[in-house]
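**Student:** When you get a sec, could you give me coordinates for this:
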Amino acid sequence: MTAHPVVSRQDWLAARKALLEREKAFTRARDALSAERRALPWVRIDKDYAFAGPAGRLSLGDLFGGRSQLAVYHFMLGPDWNEGCKSCSFWADNFDGIDVHLAQRDLALVAVSRAPLAKIDAFKRRMGWTFRWVSSFGSDFNRDFGVSFTPEELRGEVEYNYARQTFPADEAPGMSLFARDPDGTVFHTYSCYARGLDMLNGAYHILDLAPKGRDEGGQPYTMAWLRHHDRYA
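**Tutor:** Alright, predicted model coming up:
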């Protein structure tokens, strides 16, 4: 990190202002892409998905909590897993507590996993999170939205992130967005996976501003450094 150009403040400002023009162009391009995302066509949800929450059985419509928009984080915690995925936990550390702000913009946030509710609640208590988290155990929800795979499927290629590929686990991360009409009809509006989830992780964006960046180039694999937040030395 020390082998880096060092210049005068005047030269630094000139370089910084030149980069700012590119950053502004990137922001405008991102705004345009976000508008295209919102303009995508919708798919009506006709299946009766069932979820388990603290108060009992819930439908997909119930997850909206009276709002017209719903964001579902597909959290990797399978029925036979002992704890949640460390990467999903990293993401959860970044979105925990923001649901009160999203609610002011007519958007409900909930995490969904296939693990039974008791296992979800135990891990949630361990992590100290407050966001809503429900179980889709026994439902097709995770499979229908491309984040759960059978042992047979894992022997070959699975459909993940809109492409056929091999995958190392029976659960995958993702986020799906839904809208609900006044009459209660629910529509699927958007889903993203893999690097499409980067926008949810504020810690990574802060690292992107730092001199070393994410500093993962020398790691055996991406996020090899990562731990559950209660397991760092």
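**Student:** Helix or strand with the lowest mean pLDDT in the protein?
**Tutor:** Least confident element among the helices and strands of the chain, by mean pLDDT, DSSP states H and E: helix 151-154 (a mean of 94).
**Student:** Tell me the buried residues in that one?
**Tutor:** Using 16 or more other C-beta atoms under 10 Å as the test for burial, helix 151-154 gives no buried residues. C-beta here means a position set from N, CA and C on the backbone, and glycine is covered the same way.
**Student:** repeat for stretch 47-66
**Tutor:** If you call a residue buried by 16+ other C-beta under 10 Å, then stretch 47-66 has these buried ones: 49, 50, 51, 52, 53, 58, 60, 61, 62, 63, 64.
**Student:** Of these, which belong to strands?
**Tutor:** Among these, the members found in strands (DSSP state E) are 50, 51, 52, 53, 58.
**Student:** Let's have those in a markdown table, adding pLDDT and distance to residue 198.
**Tutor:** Formatted as a markdown table, these follow (pLDDT from 0 to 100; distance: C-beta to C-beta, whole Å):
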| residue | pLDDT | distance to residue 198 |
| --- | --- | --- |
| 50 | 97 | 31 |
| 51 | 98 | 27 |
| 52 | 98 | 30 |
| 53 | 97 | 29 |
| 58 | 98 | 29 |
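**Student:** From those residues, pick the one nearest residue 216.
**Tutor:** Proximity of these to residue 216 (C-beta to C-beta) peaks at residue 51, which lies at 34.7 Å.
**Student:** Okay, domains of the protein per the record?
**Tutor:** Here the domain parsing of the chain from automatic domain parsing is 9-38, 43-202.
**Student:** just those domains: most buried one?
**Tutor:** Greatest average neighbour count among these goes to domain 43-202 (a mean of 16), per mean count of other C-beta atoms under 10 Å.
**Student:** Alright, that wraps it up for me.
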